[in-house]
Structure formats: structure tokens, C-alpha cells
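J.: Sequence and predicted model, in that order:
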Amino acid sequence: MRDTTIDPDRRRSPLAAAAGELGRGFALIGESPVGVVGLALVLFWVAVAVLAPVIAPYPPNAQYLPFAPPGSAHPDGGLFWLGADHLGRDVLSRIIWGARTVLIFAPLATGAAFVVGVGLGLVAGYQRGWIDDLLSRIGDLILSFPVLVLYVVVITTFGASAINIVIAVTFASAPGIMRIVRGLTLDLRNRDYVAAAQTRGESAWFIMVREILPNARGPMIVDACLRLGYVIITIGVLGFLGLGLPPPDPDWGGMINETRGMALYAPHMSVFPCLAISSLVLGFNLLADGVREVAMRE
Amino acid sequence: MILFVAKRVGLGLMTMLAISALIFLLLEVNGEAVAVKVLGPYTTPEQRQIWLEANGYLEPLYIRYFDWLTRLLGGDLGQSIRFKVPVADIVWDRLANTALLGAVTFAIMVPLALVCGVLAGMREGSLLDRTISIGAIVTTSVPEFASAVLLSAIFVFWLGWLPGASPMVEGVDPRQLVLPVMVLVLYGAGYIARMTRVAMAEVMQTPYIRTAILKGLPYRLVILRHALRNALLAPFTVIMLQINWLLSGVIVVEFFFAYKGFGALLLEASLNQDIYLIQACAMVAVVVAVATQTIADVGYTYLNPRIRFD
């Protein structure tokens, strides 16, 4: 019975289907100027992160001239385009390498939160009953806690490390994702195609993952963009408070934390990392806005 | 109505209780570790044992929790390890400073955000709407620590107009409040404005607004008398929930500007592992957060004409 479905995505390999989807997504985003700007900002930073070894003028942790102002000459020839920090490290190179840090950990943490949140949201929304009550209550409990208070207490108790940051972000973000997915599932579970699948005798897992999940993707993509921006801010805040990744490897929040005390003498050391993180978050937020706009127009 | 309020308040109290248990478990489950934090790392196991016995740490966990909870409710928050004074003495002072910061922030942020949101939502898709919407996205995209750095670079470093730190050692100095408030307003206003805009735009498309316009009522009156009342309902909840966000925001801002407030205290306590101070701060944060959420829920129901309890 299942083979007679005429959905083309089902017969193509999943990879080809995903590629087609992505291509269509790019074409759609092109209709929203805001979305295009957002996508350009995000892709710019992704390119910077990928090409870091090629485009960074100097090694990120090498020390040259402390407090060198932007545009001053480098002892090895060339320029400190954005100046050097208090330890004489090239700010531009550190921002370029720092893009890697943030673009690895933020998607990792957001992805983990989505896996947990989507899984629980599907179960809560599809199965209903006591499991829904229990999960929703626990979710509300976590959401009622001021997030940063949670992060500060948890991370100072268990120590600042990459894995603890990812766990803390997952713990704090998953309930929000769960709530959205649960709402979508509650709506979608009454559709005809779910009823059809139930009549076919499909398992609950198949219905949740293959029938409901793909149809809930629109709002989830918007939420993922917004949440990525928010997680980038969170990781930045933790670095800024001195609770982030351990030095010396460059991390934008950490760069600002190390140099903010000297901002009154040499603001270039902290201003440029601030601009970097703001532009990346702005990229994700504009992209989310663009996706929402396009989705609403359809 | 009374039943609903009672239910909601009960739920709030349950939430506080559940979170207090979590905080207790997180920080006190290992008595030995507490002893090390209180007595310092250079104590002998015998000394720690004596301390544990004297302070009831050898009792079973649930008895300790109830003891802890009763003391907490009685206002005995323990002794700060770092400041060597009762925790309650520090917390209230700091909370008052943060309340001042928060009150000034709200007094500026809420009217600003509501006006922007209403103006944008009034004529959806107009140039003014686009400008305000994009502006709101931009300001909410700049993290608080980044705007703190950028604004200090401008107003302190280049222009030299404002002080770069706000310790408030010689009483309240309005000049020292400008930058912290500006940072908090910039980050928070965008969100409220966007929510207001959506609510306003929705209201503007309803039949009764069209009727009001078609019957020849001046546009100003349509907005003031008909649209605003319904459009401002949704932002009410958002504004109340912003208090929860403010508790996070003040940690960053107070840390950056060396403002002697509650957020800075919480961070300091956490970094020093000043265990009783962390507990007190976390509990205060939870009580404030849950209380405002409860008020938001009850207030929304009260203000919403579509919900009536008869």
C-alpha cells in the first residue's frame, strides 16, 4: 500500500530530497530582502569560520605588540587591521578563529536542545494523557526560572567547560522547543493523513517522525533561527562573565571579558568582538524574520 | 474568579517549592562539599566532621531539606562565607539597588516600546512600520554586554559625557544610571514593541475597526478608543514576563558597570561558591519570577473581557 503514494520526496533518496528542499528554501528566501541580508550575514560568518586557517593573517594566540592600535604596523610586516589586545595578539585573527568556536558550539547546543525538545514535544502532543501533563509541568517549572540565574548557578557549581555549557543550554532551551512542538502536534494529529496512517496500522513512532514532524517544520525553522541567535548570545554572555570556555583559544565573549576593564584606554580590543557577535546574531534574527515572512505569504 | 486566583497562586507556590527543592539538591546534597566551602579547603576531616554534626548535616536528606525550608521561611538565610555577615543583611540592600535600576528601566522602556509598537502596527507595511520593525530586530540582536561596551566606547571614551562605572558610592547619581538603563532598555524594548505591533496589526484588521473607520469616526479616535484597548492586552503579559528577563539582564549590566545590585551579588556569590548567599539569591530570583508570572496570568484573565467568571 505504502508504495502507491505519489509523494515524490518519498521515492527519492533522503539526501536528494534534502538537497531539493534546501534549494527551494534558498529560492524562497530570495523573495524577502530582510531574509537575504540575514542569510548573507550568516553565510559570511560561516565562510570566515571555515576558511579561518587561510584568511587569518596571524596565529590567534601568538603575541606581538600589546595594545597596538588598529592599522598599526606589524613587526613581521603587514598590519594589525583591528589592532592587538593587551597580550599583543592580533584582534582580527582572534575574531576570525573565534567565529569557529561560536559556530561550532552554538549549533551543537541548539541541535541538542532540538533533539530533546522535539522528541518530548512529539510524545507529549501525540500521546496526551499523564505523560503530557508531566512533561508540560516540568517544562513550565524550568521555564519559570530566570535563565541566566540558572546558567550561573549550574556552571559555577559544575565548572565551566564546553560540555557543561552545551548541557546547560540544552536543559534551559529544550522546554521552550517542547512547548512549540507540542502545540503543533496537537493541531496536526487530527489531520486526515494521520488518520490514514493510523488506519494503515503504522506505529506511533512512524506517525510522529514521518507524518507529523515534516509538516511541523515551518515554525520549527523560524524557531531554530531565533534560538541559534539566542544561544550565541548566551554563550557570549557566559564568556563575558568569565564562565565560558577556558582560555587561551579565542571566543568572542571571552575576548570581551578579558579586555573590557581596559576599554577606557583601548576600546578597539573589545569593540570589534562586540560588532562580530552582534552581526552574527542579527543575521540569524533577520533570517528568521525573512523565513516567517515568506512562510506567511504562501 | 476567586477560585481561579486561588488555584493560580497555589500553582505558583508549588512551583516555588519544587524549585527550592532543586536548588537544595543542587547545592547541598553533598554535606562534605558544603563543609569544605564553609570551613575552607585547609581543614582536617575531623574539624569538618564536628562542623557537620553541629549543623545537622548528618541527618537524612529530607529532614535537612525541611529544616532548611523552615529556616528560609523564617527569614534566616544563613551566614555569608565571604562577607562574614548574615546573608539577609546584604541581600535586601542589593535588591533595593536593583529595584531602582529596574524601575527606571521599566518607566522608560514600556512607554517607548508601546508607542513604537502601536505606531508600527497601526499601518502595517508602511515605511514607519518597516523602520520600527527592523530597528527592533537590530536592537534585540545586540547582546547586552556588547551594547554596554559599544555605548561606553561612544559616551565614555570618545565623547567623555558619562561616567564609565556606576558603583553609586556617594548616594544615587542619575548620571551613573544613564548607561545601565540605556543598555537594558535597548535590549528589552524591541521585544515588547514587536509583540505590541503584532497585536495592534491584528486588531486593525477586525471588522469592528473597519466599521468604526467607515462610519466616519476620526482616525485618532478609532485608534484611541477602539484599537488600543484590545491591542494592549497581549503586551501586558509580555511586560510582566520581562521582569523575569530583567533578572537575567541585570547580572550582565551590573557586572559590567560595577553596580552594587542583586545581579552582581548573585554572580559574585557563585564565583566565590558562597553557598548560602547563592541559595538566598537564587530563591529571591525564583520568588520574584514566579510571583510576576502569577500576577501576569491573573491580570490577563482579569483584563480580558472574553473571560468571565460568573
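T.: Happy to help now that I have it. Numbers count the residues shown, from 1 in each chain, chains lettered A, B, ... in the order given.

J.: quick one: pLDDT of the residue of the stretch 1-150 of chain A found nearest chain B?
T.: Per CB to the nearest CB, A:L148 is where the stretch 1-150 of chain A lies closest to chain B, at 3.4 Å. In short, each C-beta sits where N, CA and C put it, glycine included. For A:L148, the model assigns a pLDDT of 84.

J.: That one and A:I233 touch, don't they?
T.: No. In this structure A:L148 lies outside contact range of A:I233 using CB atoms under 8 Å: 10.3 Å.

J.: what separates A:L120 from B:V287, distance-wise?
T.: Using CB to CB, to the nearest Å, A:L120 is found at 28 Å from B:V287.

J.: And these two? Which one has more around it.
T.: More neighbours surround A:L120 than the other of A:L120 and B:V287, with 23 against 14 (other CB atoms under 10 Å in any protein chain shown).

J.: leaving aside the residues next to it on the chain, what's closest to that one?
T.: Nearest residue to A:L120 in three dimensions, chain neighbours excluded: A:M178, at 4.6 Å (CB to CB, 6 or more residues apart in numbering or on different chains).

J.: Where does the one you found fall, secondary structure wise?
T.: helix A:162-188 (DSSP states H and E).

J.: What helices and strands are in contact with that helix?
T.: Applying 3 or more CB pairs under 8 Å, 6 or more residues apart in numbering or on different chains; DSSP states H and E, one finds that helix A:162-188 contacts helix A:91-127, helix A:129-143, helix A:147-158, helix A:217-240.

J.: Pull out the buried positions in stretch A:154-166.
T.: A:154-156, A:160, A:162, A:164-166 (16 or more other CB atoms under 10 Å in any protein chain shown).

J.: out of those residues, which one sits closest to chain B?
T.: Taking CB to the nearest CB as the measure, chain B lies nearest A:T156 of the buried residues of stretch A:154-166, at 3.8 Å.

J.: ok, that closest one to B:A231 distance?
T.: In this view, A:T156 and B:A231 are 42 Å apart by CB to CB.

J.: circling back to that earlier point, tell me who's in contact with the residue of the stretch 1-150 of chain A closest to chain B.
T.: Counting by CB atoms under 8 Å, 6 or more residues apart in numbering or on different chains, A:L148 touches A:237, B:247-249, B:251-252.

J.: want to try CSV for those, with distance to B:S270, neighbour count and pLDDT as columns?
T.: What follows is these, written out as CSV (distance: CB to CB, whole Å; neighbours: other CB atoms under 10 Å in any protein chain shown; pLDDT from 0 to 100):
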residue, distance to B:S270, neighbour count, pLDDT
A:V237, 14, 28, 90
B:L247, 14, 26, 82
B:S248, 14, 22, 81
B:G249, 17, 24, 84
B:I251, 10, 27, 89
B:V252, 14, 28, 90
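
J.: between those, which is nearest A:D192?
T.: The closest of those to A:D192 turns out to be B:S248 (CB to CB; 43.7 Å).

J.: Give me the distance between the residue nearest to A:L120 and chain B.
T.: 17 Å (CB to the nearest CB, to the nearest Å).

J.: wait, that residue sits on A:I131?
T.: No. With contact defined as CB under 8 Å, A:M178 does not count as touching A:I131 (12.0 Å).

J.: When those two are compared, which one has more neighbours?
T.: A:M178 (28 against 13).

J.: And the more buried one, how close does it get to A:G125?
T.: For A:M178, the distance to A:G125 (CB to CB) stands at 9 Å.

J.: Could you show which parts of the stretch 201-310 of chain B are in contact with chain A?
T.: Residues of the stretch 201-310 of chain B lying near chain A by CB under 8 Å from any CB of the partner chain: B:244-245, B:247-249, B:251-252, B:255-256, B:266-267, B:270-271, B:273, B:278, B:281-282, B:285-286, B:289-290, B:293.

J.: So which of those residues are in helices?
T.: Judged by DSSP state H, those include B:244-245, B:247-249, B:251-252, B:255-256, B:266-267, B:270-271, B:278, B:281-282, B:285-286, B:289-290, B:293 as members of helices.

J.: Sort out which of those are buried, if you could.
T.: Buried by 16+ other CB under 10 Å: B:244-245, B:247-249, B:251-252, B:255-256, B:266-267, B:270, B:278, B:281-282, B:285-286, B:289-290, B:293, out of those.

J.: need the contact list for B:I108.
T.: B:I108 neighbours (CB under 8 Å, 6+ apart): B:181, B:185.

J.: Please identify the helix or strand for it.
T.: Here B:I108, judged by DSSP H and E, is contained in helix B:87-122.

J.: I'd like the next helix or strand past that helix.
T.: Using DSSP H and E, the helix or strand that follows helix B:87-122 towards the C-terminus is helix B:127-141.

J.: elements contacting the helix or strand immediately after that next one in the chain?
T.: Scanning forward in sequence from helix B:127-141 by DSSP H and E, the next helix or strand is helix B:144-152. If contacts are counted by 3+ CB pairs under 8 Å, 6+ apart, helix B:144-152 sits against helix A:217-240, helix A:252-259, helix A:268-297, helix B:174-204, helix B:233-257.

J.: ok, now with 6 Å
T.: On a contact count with 3 or more CB pairs under 6 Å, 6 or more residues apart in numbering or on different chains; DSSP states H and E, helix B:144-152 meets helix A:268-297, helix B:174-204, helix B:233-257.

J.: Would you convert those helices into CSV that also reports distance to B:N97?
T.: Shown next, in CSV, are those (distance: least, CB to CB, whole Å):
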stretch, distance to B:N97
helix A:268-297, 25
helix B:174-204, 11
helix B:233-257, 8
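
J.: of all those helices, which lies closest to B:A113?
T.: Counting by CB to CB, B:A113 lies closest to helix B:174-204 out of the helices and strands packed on helix B:144-152; the figure is 3.7 Å.

J.: got the residues of chain A near chain B?
T.: Selection of chain A residues close to chain B by CB under 6 Å from any CB of the partner chain yields A:141, A:144, A:146-149, A:152-153, A:156, A:233, A:236-237, A:240, A:264, A:267, A:270-271, A:274, A:277-278, A:281-282, A:285.

J.: filter those to the buried ones?
T.: Buried members of the residues of chain A next to chain B, scored by 16+ other CB under 10 Å, are A:141, A:144, A:146-149, A:152-153, A:156, A:233, A:236-237, A:240, A:267, A:270-271, A:274, A:277-278, A:281-282, A:285.

J.: Output the below-cut-off pLDDT ranges for chain B.
T.: By pLDDT under 70, the low-scoring segments of chain B are B:305-310.

J.: Give me the distance between the residue nearest to A:L120 and A:R189.
T.: A:M178 sits 16 Å away from A:R189, going by CB to CB.

J.: can you check B:D67 too?
T.: In terms of CB to CB, B:D67 sits 47 Å off from A:R189.

J.: Look at those two and report which has more neighbours.
T.: Set B:D67 next to A:R189 and count neighbours by other CB under 10 Å: A:R189 wins out with 19 against 13.
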